[in-house]
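Student: Sharing a sequence plus its predicted fold:
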Amino acid sequence: MPIYESLSSDKLSVVLDIGAAYTKFGFTGEFSPRSIITSEVLCSKTKKLRRIWDYESAEDLYDLLVDFIHVIFFKYALLSPKDKPVIIVESLLCPTTFRETLAKVLFYHYEMSMMFILPSHLVCLASLAIDSAMVVDVGYKEAVVIPICYSFPVVKAWQALPLGGEAIHNNLRTLLSSSNTGIQDLPESTLENIKVRCCFVTKKYRADQLGSAKPEIATCPDVKYPIGGAEHMTVTGKVRERAFELLYEEDNDHLCLSTMILDALLQVDRDLRQKLMGNIVLIGGSVMVPGFKARLKEELEMQLKNNRYSKLNISTIAFHSLPCKENYAAFLGGALYGATELLNMKSLTRETYFKENRLPDWINFKENVHCA
Amino acid sequence: MAYITGPDVVKYACTCGLLKPITHLYFCRYCTQIRCSFCVCHEIDSNFCGKCSENIPSSEARLKKNRCGNCYVCPSCQQDLSTRIASKGSANPEEAKSTPKKMYYLLCQFCRWSSRDVGIPDQSTVTGGWPKRENVHANRLQELVDSYKAIILASKKHQQDKEKKKRVKCLSYTDRTGVTAAAIRKRLGLPADMTHPMLKNRPKNPEPAKAKSEVEDLPDSIFTEPLNLAEIMSIEQRLLQPEQQPTTVDKLFPVHKQLSIKRSLRCRSCEHNVSKPEYNPNSVKFKIQLFAYYIIPEIRIVTVEPLRSGKTSELIVKFTNPTQHQTTITFFELDLDEVESVVTEEVAEVAESFEQSLYLQEKQQLSLPSLGSLSQPSSLLASRTPSITVKPRRIKEDLNCKIGIPESSFILLPRDDAAEYDDSGDSHNIQDDPKLVKWRKSNKAFIRLYVTPNEDLPLNSEVTCGFVMQHIYTNTITSKVENKEPQQYNHKVKVFLTLGNSVGCD
Amino acid sequence: MMSRNNIKIFPGAMVCEESKLRGDITIGSGTIVHPSAVIIAEAGPIIIGDWCLIEEQVKIVHRLPFDQQSNENSQPVLIIGSNNVFEVDCIVEAPKIGNNNVFESKCFVGNKVTISNGCTIGAGCKITDEQILPENVIIFGVNCQMREGLDRPGPQTLQMETLSKMLPNYHHIKKPNMKKE
């Protein structure tokens, strides 16, 4: 009875996943977001776009969020937010200021009735119907690894590194400036488009070759990328293959994407390790680039041979493929959770929020006492 | 009307503490308060398609995912697509003489993308059953949703049963009568309720997905074949279709046009509308339009002498009365720390921090006592829960210039549209303070004020001054209905003027 | 530098008297040149093919890039193919233009851009970067996005028919001075 259900108004609730670069917005029970928009608002004073996550203070963020939620509800959702529930999908590592301010905006300014907060790493498993997995979220600001065991996020094992879209863009900028002059002030949107249209994650042996002084392989063809109508720049084959390399190159602390996963694994009980490595789930927009999964597998296999991780005794590495695009995987989980009765059972209501005047959070001691 | 597009040099303080030009403000007649888009409750009135101007009921809009069923936007550049006719002769050569069949295809006039580009066959009807791309995972996901729903429902029911049983234990009628539930079941001829309800119709868990250790490798062609940029979509084009996120040009499909809305604005403290548009999408008129521009005297800067720190300059401002009633303007000193007496009667302490500023005001009676009998029918209001009012913020504006507050007040005549065509000259007979009023005509008056920028003001910095303007607001709602004399209120508005940059000594 | 005007108009062409034509210009049959269009053959002759539509305030300038201007002896010819549409107020300095191209209103094509066939330069697009536009390329939007079209833009037959009826009623038309080949 999908038609009947979509007709009744109270069944449709807004699901929001406010990411650092893009916000995924849609309704419960739907399998894809209605729209994916940049998490930016037009500043009324300077008439410039401002990213929501670049807030200066809680007060500043409040105003940014008021404007942003307004755009979402009145331009895209076309729904009066008053007295409606909302489902928020957020990272477990979401800053407290952001969560608290968002709750304030939703409850005080928009007078929403309920707020159902879901951890992104956990809910993305709903579309796979599995309860244990190693969830790797590579977003814009950072990459966060949190293992999920029997539907419980093992938060103590979390790993995070600033490896995401932003880092890739900066890397791409540096790589491009060596072969082109005067592109330092290239807007990030152009860099992003060069990234998605030209670049890919290359194979390990090619990456090693390209990194060496005298590569023995031919690089992939160069691309002449027009910038406006007046100029163009050359995206060399080497740049195309190397743009994503920083995700796999160990930094000064010998950390990279693959070590993050294995370090998280070390924090987990011994008997769960093989299960987790056999269930790796990749989410976030940055993992959608061609070759990402294959390369990550290669890297993991290589790292496992190292002394550092040899005690893990992992025999197989297996990846899940999601029934959706990776950039809205967390949204989809939220939409699936929100479609069930859980929304009415587990939400934080406005009344409770006003009474308690705080947002439940896993780091808060009060919640943990209650659980025990 | 330079200020509409130009910089906002004259700003009024809204009750909520934000500063905005008068064109952005509303005036609630029932609370006699200024409101702005930040402190009113926005509501959606009607949905319509911006291309075909068709009104779409909200239930239908919801069904069509807030998109117009007939209009499309270009997947390549997001402009509206137009339907084009292509006549096509019949495929059958025998009927060649018959009239050619009209076929339709979609074309973007801007980037020349057409539905033929991606191989969509031309349609025989105008609205066309343009093919939709189905989500390949839809079946699996629907299965998941259904089973999750069932599981949660079952567990909820289980919990409720548990609670019921607990209650039954405490107080049971059957216990008192000595008849057990099992006995009643037997008497009624029902089978004994033996199985656990949870086990009886326990919903099946969905099949978990299987992980694969083989992963898709990069095609070798990527290393050798040149890239054709025109075939690869940009991130904006991909995200326009969130479900498919097409990476190559052959996967672009026309996108239904997103609907637009008409909004009505409601005062959060008295639940009356301050703005309500007409239903018809083609109409730009309003049913209710309580814009401050029509009620509060408008101030414009006429001239200001060069501003020098510590020196007094003459400032001439123009006051315009937009109402049909005479008003008197009085000036008061502006004190930003002062708690506005009208707004914060029931709020004792001044908002000091952001935390406290969100402190809720207790909801009073829906309508204001003075105008109680005239508020909207209560049935209309009963359907919505009353809004919560957020405590006003402190006004954030640095004043670096003193303004001499004139002691006398002056009168602004009512607006008279006919006066514009009256060449007979001013016939008013008002005793003006010549020091204050420089010149006047019909509902306008030019007022002379004196401003002194602060002594310590550095060169070339923006000079801002402010004052409180009190005008008489004549409430016409009561008089219309009950034939009473219109009520008059003294209304105070905080006004901020940005006078330009300070200059050095000459 | 500017030598005598040498305008050759083939029969069937409709060149308004008020249009500004400078230098050695040949206009093919069926081509319509609006009153305030400007065609300047500065670096060498311009040959415009058949059935081109040159609208109001269009500027077609044959001007060599700066680095090639020193070579005085050569007289490159700007050949504009057939069925091209130059919309209102576009400025085209391309050294070579094929057939069936559309230059939309207020676009600008620099003198380093060679246009092949079936291209569309969108309204307001400014193309100056040295390149050869492949066939059926469409340039649109503020950032001059590029895409490949399926086929050439259709000819403006209807519009040209109307114009050829209307223009002589209100403007003086230059008489063709060439014989049909």
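Tutor: Here it is on my side, so go on.

Student: Please pull out the lowest mean pLDDT helix or strand from chain A.
Tutor: Each helix and strand of chain A was given a mean pLDDT (mean pLDDT, DSSP states H and E); the minimum falls on helix A:2-7 at a mean of 43.

Student: After it, heading C-terminal, what element do we hit next?
Tutor: The helix or strand immediately downstream of helix A:2-7 is strand A:14-18, counting by DSSP states H and E.

Student: That following strand packs against which elements?
Tutor: Contacts defined by 3 or more C-beta pairs under 8 Å, 6 or more residues apart in numbering or on different chains; DSSP states H and E place strand A:14-18 against strand A:22-27, strand A:85-90, helix A:329-338. Every residue, glycine included, has its C-beta placed from N, CA and C.

Student: most packed of these?
Tutor: Stretch with highest mean neighbour count among the helices and strands packed on strand A:14-18: helix A:329-338 (a mean of 29; mean count of other C-beta atoms under 10 Å in any protein chain shown).

Student: Against which helices or strands is the helix or strand that comes right after that helix packed?
Tutor: Remark: after helix A:329-338, the chain's next helix or strand is helix A:342-346, criterion DSSP H and E. Counting contacts by 3+ C-beta pairs under 8 Å, 6+ apart, helix A:342-346 is packed against strand A:114-119, helix B:138-170.

Student: can you tell which of the ones you listed is closest to chain C?
Tutor: Within those, the stretch nearest chain C is helix B:138-170; the backing value is 30.2 Å (C-beta to the nearest C-beta).

Student: and that closest one, average pLDDT?
Tutor: Helix B:138-170 shows an average pLDDT of 84 in the prediction.

Student: now that helix, how far from the chain's geometric center?
Tutor: Distance of helix B:138-170 from its chain centroid, counting by C-alpha atoms, centre = their mean, to the nearest Å, is 38 Å.

Student: next one: stretch B:115-122
Tutor: 39 Å.

Student: what's the span of that stretch from first residue to last?
Tutor: One end of stretch B:115-122 to the other measures 8 Å (C-alpha to C-alpha, to the nearest Å).

Student: That stretch: which residues count as buried?
Tutor: For stretch B:115-122, a neighbour-count test (16 or more other C-beta atoms under 10 Å in any protein chain shown) marks B:115-118, B:120, B:122 as buried.

Student: Likewise for stretch B:267-279?
Tutor: B:267-277.

Student: near chain A, anything from that stretch?
Tutor: No: judged by C-beta under 8 Å from any C-beta of the partner chain, stretch B:267-279 stays clear of chain A, getting no closer than 8.7 Å.

Student: what mean pLDDT does that stretch have?
Tutor: 89.

Student: can you list contacts of it?
Tutor: Stretch B:267-279 is contacted from outside by B:26-31, B:33, B:35, B:39-41, B:45-46, B:55, B:262-266, B:283, B:285-291, B:366-368, B:375-376, B:381, B:384, B:386-390, using C-beta atoms under 8 Å, 6 or more residues apart in numbering or on different chains.

Student: Can you say which of those are also within reach of chain A?
Tutor: Answer for those near chain A (C-beta under 8 Å from any C-beta): B:41, B:263, B:384, B:387-388, B:390.

Student: which among these end up buried?
Tutor: Buried by 16+ other C-beta under 10 Å: B:41, B:263, B:387-388, B:390, out of those.

Student: which parts of chain C sit against chain B?
Tutor: C:120, C:122, C:137-138, C:140-141, C:145-150, C:153.

Student: And for the stretch 201-350 of chain A?
Tutor: By C-beta under 8 Å from any C-beta, the residues of the stretch 201-350 of chain A that approach chain B are A:201-203, A:206, A:218, A:220-221, A:223, A:225-226, A:278-280, A:290-291, A:293-294, A:297, A:316-321, A:323-325, A:327-328, A:332, A:336-337, A:339-342, A:345.

Student: So which bits of the worst-scoring helix or strand of chain C on mean pLDDT are buried?
Tutor: Taking mean pLDDT, DSSP H and E as the measure, chain C has strand C:145-148 as its least confident helix or strand, at a mean of 88. By 16+ other C-beta under 10 Å, the buried positions in strand C:145-148 come out as C:145-148.

Student: Same check on stretch C:91-105?
Tutor: Per 16+ other C-beta under 10 Å, stretch C:91-105 contains these buried residues: C:91-95, C:97-105.

Student: Excluding sequence neighbours, find me the nearest residue to B:Pro392.
Tutor: B:Gly17 (4.5 Å; C-beta to C-beta, 6 or more residues apart in numbering or on different chains).

Student: Spit out the contact partners of C:Arg63.
Tutor: C:Arg63 makes contact with C:40, C:42-43, C:93, C:111 under the criterion C-beta under 8 Å, 6+ apart.

Student: Of those, which is the most crowded?
Tutor: If you count neighbours using other C-beta atoms under 10 Å in any protein chain shown, the busiest of the contacts of C:Arg63 is C:Ala43, which has 24 neighbours.

Student: Give me the pLDDT for it.
Tutor: pLDDT, C:Ala43: 86.

Student: Who's the closest spatial neighbour of it, skipping the chain neighbours?
Tutor: C:Leu64 (4.5 Å).

Student: what sits against whichever residue of the stretch 51-200 of chain B sits closest to chain A?
Tutor: Residue of the stretch 51-200 of chain B nearest chain A, by C-beta to the nearest C-beta: B:His137 (3.5 Å). With contact taken as C-beta under 8 Å, 6+ apart, B:His137 is in contact with A:31, A:323-324.

Student: Quick check: phi and psi on it?
Tutor: In terms of degrees, to the nearest 10, the main-chain angles of B:His137 are phi -100, psi 10.

Student: got the CA coordinates for stretch B:288-298 in CSV?
Tutor: Written as CSV, here are the backbone C-alpha positions of stretch B:288-298 (Å, rounded to 0.1, in the frame of the first residue of the first chain):
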residue,chain,number,x,y,z
ILE,B,288,-3.0,40.0,4.3
GLN,B,289,0.0,42.2,4.1
LEU,B,290,1.0,43.9,7.3
PHE,B,291,4.2,45.3,6.1
ALA,B,292,6.0,47.8,8.3
TYR,B,293,6.4,49.9,5.2
TYR,B,294,2.7,50.7,5.3
ILE,B,295,2.5,51.5,8.9
ILE,B,296,5.7,52.9,10.4
PRO,B,297,7.0,56.3,9.2
GLU,B,298,9.8,55.8,6.8
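
Student: What residues sit buried inside it?
Tutor: By neighbour count with 16+ other C-beta under 10 Å, stretch B:288-298 contains the buried residues B:290-293, B:295-298.

Student: do stretch B:499-506 as well
Tutor: Buried residues in stretch B:499-506, counted by 16+ other C-beta under 10 Å: B:499, B:502.

Student: now that stretch: how far from the chain's centre is it?
Tutor: With C-alpha atoms, centre = their mean, you get 40 Å for stretch B:499-506.

Student: Tell me where the model's unsure across the chain.
Tutor: Went with chain A since none was named. Along chain A, segments meeting pLDDT under 70 span A:1-10, A:182-184, A:368-372.

Student: switch to chain B, that's the one I care about
Tutor: Using pLDDT under 70, chain B drops low at B:1-6, B:88-100, B:128, B:167-202, B:337-385, B:419-420, B:422-428, B:478-485, B:505-506.
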